[in-house]
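Novice: Build the 3D model from these lines:
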Amino acid sequence: MDSAKYIFLVFLVAGCVLVAQGIESKRRDKPVTGVSHSINTLGNIIHLNTYKPNAVSFTYHPIDYSVQRGVVSFESDDYYLEALLYFDEATFDTIKKTLKDKKARYSRAYAHEFAFDWLPQNIKDQLLDRKHLQTYDYMLFQSGGLERFLLIDHAILLIIRHNG
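Specialist: From the prediction side, this is the model:
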């Protein structure tokens, strides 16, 4: 093997190793969780600086595109997130004002879309008691994905589908 081919092969292998390390690093930053209550962990996934919640509950589901029977593996940052975020009155009022001022687009939804299995029963009851749910499609948390949420008693129920 001549030296040019050898050098090319060394750089190719080194590049693959660096890419693999970067993918593994991203996975550690956004761990797979059951129900988490960590504001800091959620803050690593979505932007919480503008509207900081007092408490959160969420589930994070990375989407894995790896091929089981073969050597090809496609890693991605795609994920699905369900979250319940509680806010103090002033922050919640600011969120409502922002949605009004920005004329945020809204639509109707069914209760079962937001009645996550892990939600507290009192929140599920509030959802089921409402005939019409008004959801917003607005980038409130700058996730880069499709954010859909509804407001309920100083809280936000949030669904994000991120296809990055």
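Novice: Output the below-cut-off pLDDT ranges for the protein.
Specialist: Scanning the chain with the threshold set as pLDDT under 70 gives 1, 3-33, 64-76, 164.
Novice: one more time with 90
Specialist: 1-34, 45-47, 61-80, 99-113, 124-148, 152-153, 160-164 (pLDDT under 90).
Novice: so what are the domain limits for it?
Specialist: 1-30, 31-162 (automatic domain parsing).
Novice: how about those domains in JSON lines, adding mean neighbour count?
Specialist: C-beta coordinates here come from the backbone N, C-alpha and C atoms, glycine included. Formatted as JSON lines, these follow (neighbours: other C-beta atoms under 10 Å):
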{"stretch": "domain 1-30", "mean neighbour count": "10"}
{"stretch": "domain 31-162", "mean neighbour count": "15"}
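Novice: residue contacts, the closest residue to residue 119 other than its chain neighbours?
Specialist: Spatial nearest neighbour of residue 119, excluding adjacent residues (C-beta to C-beta, 6 or more residues apart in numbering): residue 84 at 6.5 Å. By C-beta atoms under 8 Å, 6 or more residues apart in numbering, the contact set of residue 84 is 56, 57, 58, 116, 119, 123, 155, 156, 157, 158.
Novice: Which secondary structure state does residue 84 sit in?
Specialist: Here residue 84 is strand, with the state taken from DSSP: H, G, I helix; E, B strand; the rest coil.
Novice: For it, name its beta-bridge partners.
Specialist: Going by DSSP bridges, residue 84 is paired in beta bridges with residue 57, residue 157.
Novice: So what's the gap between stretch 100-107 and the chain middle?
Specialist: Between the centre of stretch 100-107 and the centre of its host chain there is 21 Å, according to C-alpha atoms, centre = their mean, to the nearest Å.
Novice: what comes into contact with it?
Specialist: Outside stretch 100-107, the residues that touch it by C-beta under 8 Å, 6+ apart are 98, 134, 135, 136, 137, 138.
Novice: Break down this protein into its strands, ranges please.
Specialist: Applying DSSP state E to the chain gives strands spanning 55-62, 79-86, 106-109, 133-136, 146-152, 155-162.
Novice: Switch these over to CSV; also include distance to residue 43.
Specialist: What follows is the strands of the chain, written out as CSV (distance: least, C-beta to C-beta, whole Å):
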stretch, distance to residue 43
strand 55-62, 9
strand 79-86, 11
strand 106-109, 26
strand 133-136, 21
strand 146-152, 15
strand 155-162, 13
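Novice: Look up how far residue 94 lies from the residue sitting nearest the centre point of the chain.
Specialist: Centroid-nearest residue in the chain: residue 81, 4.1 Å away (criterion: C-alpha atoms, centre = their mean). Using C-beta to C-beta, to the nearest Å, residue 81 is found at 22 Å from residue 94.
Novice: Many thanks, have a good one.
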